[in-house]
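**Student:** I would like to see how this sequence folds:
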Amino acid sequence: MLFRARSVERPAPAEAPARRGPGLRVRLTLLSTVLVALVSGLLLWLGWLLVGDVVAAVPRMPPGSTVRVDGVPVSAGELAEALRARARERVLLVGGVAFVAVVLAAAVSAWTVCGRVLRPLHSVTGTARRLSARSLGERIGLRGPRDEVAELAETFDGMLDRLQSAFESQHRFVANASHELRTPLSVIRTELDVTLSDPNADAAELRRMAGVVRDATAKSQRLVESLLLLARTEGAELPSREPVDLTELARGALRPLEEQTCASGLRTELSPAPAFAMGDPALLERVAGNLLENAVRYNAEGGWIDVVTAVSGEWTSLTVSSSGTEVSSERVDGLFEPFRRAGAERTARTGAGLGLSIVRAAASAHGGTVSACPVPGGGLSVTVWLPAAR
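**Tutor:** Next up, the predicted model:
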């Protein structure tokens, strides 16, 4: 059967919405200009009134008196009114010119100052528009006075740092998950191709092939279940909170591992005293199981496992220490990343490398923390701190 590839039209990238109305710079300039115009107009009006009152307050001559102006007799009352009108006219003329000059100066100054103040905002906007998943390394790096705009730019740069870290972690996670899933699928495909290409394959060969396919399928299933658990745990709300005895959880997690510990000659010790923490029983059971499974899987022949539980104030701790290969201090923090293993990265035949990642996510969901440190002589010690039951 032939399948014809069909081209799918991708939607065009969404453009930034068009700005409606005047920009912030125009609005601030208009607002400043209008305020200056109102204040200047008020001052001009007050000056006009004040000049008129000053002229009117000049001592008046007796009614009927005349005054010679340029040899022409003029009534004293008419002269006073003429002087008052003339003074007000001069105030309006000179004040009007000053009013226009002040308003224009205010408009130009406001436009210039707003442009300089808003320039960093344009840098933030331009950077945001240029950014994509492949260019998250760009930063604003604003230099200048430590004002509100600089604080905004620093906040934006910090957000970009977190986004870049999240994208890089996501890309690394997807790449590692693809690698882990590709390995068992390749094994299944190879076994099927080899067996089907052999016309003389008998029942024993088919059973051998079926066993290999079953093991590869089980590994894929474990990986998918771990990925689902990690996805559900990170940033999720706990379904329930109740007192949980970490000592009993650790004891229960050791029972399914007894056959492996005996085969490897491992010596196990567990604190007898109960230690209650407040949390989800199923999730904490997975925490204890992951820590002990890692302790058994990456241990040495004839090694040891030490499980210690304790209550200290508001916190309850679960510490799983074990012997094994040496782990450098520089690699300890990386062990909590997905698909990292103590012995090798993405090369172990068992395990998906998600155990400690799930432990960290579960501890964070409970409001707790997790830490690890190398054991002298080889091995690892992991401690989980959880809120104590009250």
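**Student:** and the helices in the stretch 201-350 of the chain, which stretches?
**Tutor:** Using DSSP state H, counting those that start in this stretch, the helices of the stretch 201-350 of the chain run over 203-233, 246-254, 258-264, 281-297, 329-332.
**Student:** need these in CSV with distance to R390, can you?
**Tutor:** Any C-beta I mention is one placed from the backbone N, CA and C, and that applies to glycine too. Output for the helices of the stretch 201-350 of the chain, formatted as CSV (distance: least, C-beta to C-beta, whole Å):
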stretch, distance to R390
helix 203-233, 24
helix 246-254, 15
helix 258-264, 34
helix 281-297, 17
helix 329-332, 32
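**Student:** just say which of those is most tucked in.
**Tutor:** helix 281-297 (a mean of 22; mean count of other C-beta atoms under 10 Å).
**Student:** quick one, that helix and helix 246-254 angle?
**Tutor:** On the basis of axes from the mean of the first three to the mean of the last three C-alpha atoms, to 10 degrees, helix 281-297 is oriented at 60 degrees to helix 246-254.
**Student:** same question for helix 281-297, mean pLDDT?
**Tutor:** For helix 281-297, mean pLDDT is 86.
**Student:** now do it and helix 203-233, the angle between them.
**Tutor:** 130 degrees.
**Student:** off-centre distance for helix 281-297?
**Tutor:** Offset of helix 281-297 from its chain centre (C-alpha atoms, centre = their mean, to the nearest Å): 29 Å.
**Student:** go on, stretch 359-378?
**Tutor:** For stretch 359-378, the separation from the chain centroid amounts to 22 Å (computed by C-alpha atoms, centre = their mean).
**Student:** just the buried residues of that stretch, please?
**Tutor:** 359-363, 365-366, 368, 370-372, 374-375, 378 (16 or more other C-beta atoms under 10 Å).
**Student:** greatest separation within those residues: which pair is it?
**Tutor:** A365 and G378 (31.4 Å; C-beta to C-beta).
**Student:** to which secondary structure element type does the residue positioned nearest the centre of the chain belong?
**Tutor:** Closest to where the C-alpha atoms of the chain average out (C-alpha atoms, centre = their mean) is R162, at 4.7 Å. In three-state terms, and counting by DSSP: H, G, I helix; E, B strand; the rest coil, R162 is helix.
**Student:** I'd guessed T217 sits against V187; true?
**Tutor:** No: using C-beta atoms under 8 Å, T217 is not in contact with V187; the gap is 9.6 Å.
**Student:** related to what we said a few turns ago, just curious, which of the buried residues of stretch 359-378 is nearest to V332?
**Tutor:** Of all these, V332 sits closest to A372, with 5.1 Å by C-beta to C-beta.
**Student:** how about R241, nearest residue that isn't a chain neighbour?
**Tutor:** Counting by C-beta to C-beta, 6 or more residues apart in numbering, M278 is the residue found nearest to R241 once chain neighbours are left out, at 5.5 Å.
**Student:** measure how buried that neighbour is and give me the count.
**Tutor:** M278 has 20 neighbouring residues, counting by other C-beta atoms under 10 Å.
**Student:** residues contacting it?
**Tutor:** R241, E242, P243, V244, H366, L386, P387, A388, A389, R390 (C-beta atoms under 8 Å, 6 or more residues apart in numbering).
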